[in-house]
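Colleague: Sequence plus predicted model, see below.
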There are 2 protein chains.
Amino acid sequence: MDRGGATLNDNAASVLALSGGIGGAKLVTGLARVLAPEQLLVVANTGDDFEHLGLTICPDLDTLMYTLAGVHDPAKGWGRAGDTWRFMTALAELGGETWFRLGDADLATHIERTCRLKAGESLSAVTADFCRRLGVATTLLPMSDQPVRTLVQTADTALPFQQYFVAQRCAPVVRGFSFQGADAARPLPAFMEALARRTLRAVIICPSNPFISIDPILALPGVHKALAACPAPVIAVSPVVGGRALKGPTAKMMRELGLPVTATTVARHYGALIHGYVLDHQDAAYVQDTDIPVCVTQTVMQNLDDKQTLARTVLAFADELARQPLRRAAVTNTRVTVEERS
Amino acid sequence: MDRGGATLNDNAASVLALSGGIGGAKLVTGLARVLAPEQLLVVANTGDDFEHLGLTICPDLDTLMYTLAGVHDPAKGWGRAGDTWRFMTALAELGGETWFRLGDADLATHIERTCRLKAGESLSAVTADFCRRLGVATTLLPMSDQPVRTLVQTADTALPFQQYFVAQRCAPVVRGFSFQGADAARPLPAFMEALARRTLRAVIICPSNPFISIDPILALPGVHKALAACPAPVIAVSPVVGGRALKGPTAKMMRELGLPVTATTVARHYGALIHGYVLDHQDAAYVQDTDIPVCVTQTVMQNLDDKQTLARTVLAFADELARQPLRRAAVTNTRVTVEERS
């Protein structure tokens, strides 16, 4: 049952996707459609996981799992399609905390996962079993089996991520981020094995928020180094299009951190980690600002066709890069991370 | 908020009802209709509480709470009216334990209660707050704030109550019962205060299963003695009518314990604890077997009128007994309890 240590099929050129929630899940959907299940390994951010109502909730992991299973709610970007809210209504009636909405069916994921974690199962084993039961053929891994919790540094305090994101609706001005527990957490073995594999075809950093969706993954011990040493092209897809983020607080965070809200900022953020960058036609003007290979295409994904097309484009771009010696950006890495881990 | 130590209005003659789930809840409904809220204190069995899916579930307490709030499901006898089952469906899909059914709205009670208990609130305080929020004016108390767990002794093993009752559908042959934790538990202070009050009008042992619904209450330290010393009439209402129990495994248990399945058996079980016994017209023949005052009436409650009528009859019987010196049964107490408490 424990597929935490599962490895990709050695005979298949394999693709590793690093992803947060909704934006990343769109590209992951495309990748899962154009690749065979054994050719794709998805590593999910768990920095926005939290304990709520006594339950361990893993928003990005669940968004990816539900999306890959085809049971996600595409309108909301989280939760299950057609879910109902009787639990929330009754919880409000009893004076419970209702700022984080949990659908009736979605609740089963959190309750069953919490039970199994308490019984000693690993998060990766639980995820693998849930995926199997939901018919997800792609391997979906949490970035780590140890808890990592993103804290959002504001002027006066460090807010737990969901407090900032959901309870306070991203209102506080952001000064930086820290990833509690990251130093002590271990990246999932299958993730690290994939990074070192000779047959690795590409690492794709999905169009997710770099600060809160990708940086927690990069903050795990050894990941940065393994990515830097990785034999395959590392490609990032910009989550910023035409000077704004398609979803979530990416643009607001950039402004508050004093960074230009452009696709280039994200490329610079990843800096020397990436070999290639994918940005939207709307941002073609920024190509001149980058000193790594760039692929200009349609990155906005409105339907399944868009997702598959972008997936194919990104893979073709990676394959093209792989045919020449890989070089990385010389730009300064502008990662903004408050070094307050505990 | 903590009404765990709440006391009855000293100016009101007060009635104390001891109850299990569905059968008892029917009479409690009647009592709550014919008495003012400050005249009634309901003490619920918590021996069938258990931990399931990481949640603390209190079936009898919830049945009483939902019934008093008018949100109960009268057809099932447990849970909330019109509840839905999306959570259960999703839980089954994920391979979770589905032998104990939890409705979507009902789940809020268990999740919120578990959170509050973990945060250090007492079960009585949580119950009081839930009751207030659900508009229950009657004071409903768990028998104790400390956990007591009924174990069903079978030929080979001692089964946790819900394992016996729900998972195994009462199939195993019963040899006896034990109440884990009862020795260390304290009866709720308001319960003991009420028992000693001069203005106590009556103690009513509801038509609940004597072995698994009432005995756990009687097993708490001091309760038996306080009941025996209680200045008010103690009246039991038979849960056995016409040689069968209206609900649940009472009759099956009696047979397996080698006891005749009659109303008299229940009276003998309570023995010297009770001053009066209420049984159904169908069991009038058994009157000659008891040496305490008996009230023969309709104990089957099919509608709200029946419940109120029985409540009034029981109260009138108690008042009549109170006008003469109270005497108790001389019959042998046949309580069957495996003395294996821990």
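Modeller: Great, that's in hand. Numbering: from 1, shown residues only, chains lettered A, B, ... in the order given.

Colleague: Only C-alpha atoms from now on, for both contacts and neighbour counts.
Modeller: OK.

Colleague: quick check: mean pLDDT across the helix ranked longest in chain A?
Modeller: Ordering each helix of chain A by length in residues (DSSP state H) puts helix A:304-322 first. Averaging pLDDT along helix A:304-322 yields 97.

Colleague: Same question for stretch A:204-213.
Modeller: For stretch A:204-213, the per-residue pLDDT values average out at 96.

Colleague: Tell me which residues of the longest helix of chain A come out buried.
Modeller: Buried residues in helix A:304-322, counted by 16 or more other C-alpha atoms under 10 Å in any protein chain shown: A:306-315, A:317-318, A:321-322.

Colleague: got those as TSV, with distance to chain B columns?
Modeller: Rendered in TSV, the data for the buried residues of helix A:304-322 read as follows (distance: C-alpha to the nearest C-alpha, whole Å):
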residue	distance to chain B
A:306	30
A:307	28
A:308	28
A:309	32
A:310	32
A:311	30
A:312	32
A:313	35
A:314	34
A:315	33
A:317	38
A:318	36
A:321	41
A:322	40
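
Colleague: Identify all contacting residues around the longest helix of chain A.
Modeller: Outside of helix A:304-322, the residues within contact range by C-alpha atoms under 8 Å, 6 or more residues apart in numbering or on different chains are A:26-31, A:33-34, A:201-202, A:232-235, A:275-276, A:278, A:295, A:297-301.

Colleague: Point out the residues in the stretch 51-200 of chain A that sit beside chain B.
Modeller: With C-alpha under 8 Å from any C-alpha of the partner chain as the criterion, the stretch 51-200 of chain A meets chain B at residues A:53-54, A:84, A:86-91, A:93-96, A:104-109, A:111-112, A:114-115, A:129-130, A:133-134.

Colleague: Now a ChimeraX select for only the buried ones of these.
Modeller: Paste this into ChimeraX to select the buried members of those, with burial taken from 16+ other C-alpha under 10 Å:
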select /A:53,54,84,86,87,88,90,91,94,96,104,105,106,107,108,109,111,112,114,115,129,130,134
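
Colleague: Let's see which of the residues of the stretch 51-200 of chain A next to chain B end up in helices.
Modeller: Secondary structure assignment by DSSP H places A:86-91, A:93, A:104-109, A:111-112, A:114-115, A:129-130, A:133 of these in helices.

Colleague: on that earlier part again, can you redo the buried residues of helix A:304-322 as JSON lines with distance to residue A:210?
Modeller: As requested, the buried residues of helix A:304-322 are arranged in JSON lines below (distance: C-alpha to C-alpha, whole Å):
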{"residue": "A:306", "distance to residue A:210": "22"}
{"residue": "A:307", "distance to residue A:210": "20"}
{"residue": "A:308", "distance to residue A:210": "22"}
{"residue": "A:309", "distance to residue A:210": "23"}
{"residue": "A:310", "distance to residue A:210": "19"}
{"residue": "A:311", "distance to residue A:210": "19"}
{"residue": "A:312", "distance to residue A:210": "22"}
{"residue": "A:313", "distance to residue A:210": "21"}
{"residue": "A:314", "distance to residue A:210": "18"}
{"residue": "A:315", "distance to residue A:210": "20"}
{"residue": "A:317", "distance to residue A:210": "21"}
{"residue": "A:318", "distance to residue A:210": "20"}
{"residue": "A:321", "distance to residue A:210": "22"}
{"residue": "A:322", "distance to residue A:210": "24"}
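
Colleague: just those now: which is nearest residue B:17?
Modeller: Looking at the buried residues of helix A:304-322 and their distance to residue B:17, the nearest is residue A:307, at 64.4 Å (C-alpha to C-alpha).

Colleague: what's the spacing between the helix or strand where residue A:266 lies and its chain's center?
Modeller: Using DSSP states H and E, the secondary-structure element containing residue A:266 is helix A:263-270. Here helix A:263-270 shows a centroid-to-chain-centroid distance of 16 Å under the convention C-alpha atoms, centre = their mean, to the nearest Å.

Colleague: which helices and strands does it pack with?
Modeller: Under the contact criterion of 3 or more C-alpha pairs under 8 Å, 6 or more residues apart in numbering or on different chains; DSSP states H and E, helix A:263-270 touches strand A:240-241.

Colleague: Give the partner strands of the strand it packs on in its sheet and their orientations.
Modeller: In the sheet, strand A:240-241 lines up against strand A:244-245 (antiparallel) (DSSP bridges).

Colleague: Please export the C-alpha coordinates of the next helix-or-strand element following the strand it pairs with as CSV.
Modeller: On the C-terminal side of strand A:244-245, the closest following helix or strand by DSSP H and E is helix A:250-256. Taking only C-alpha atoms (Å, rounded to 0.1, in the frame of the first residue of the first chain), the coordinates of helix A:250-256 have been written out as CSV:
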residue,chain,number,x,y,z
THR,A,250,0.7,36.4,-6.5
ALA,A,251,0.6,39.9,-8.0
LYS,A,252,-0.4,41.5,-4.7
MET,A,253,2.5,39.8,-3.0
MET,A,254,5.0,41.0,-5.7
ARG,A,255,3.8,44.6,-5.3
GLU,A,256,4.2,44.4,-1.5
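
Colleague: ok, residues contacting helix A:250-256?
Modeller: The contact list for helix A:250-256, computed with C-alpha under 8 Å, 6+ apart, reads A:173-175, A:209-211, A:239-240, A:243-245, A:260-261.

Colleague: Now do the helices in the stretch 1-150 of chain A.
Modeller: Along the stretch 1-150 of chain A, the segments classed as helices by DSSP state H, counting those that start in this stretch run A:22-34, A:59-69, A:86-93, A:104-118, A:123-133.
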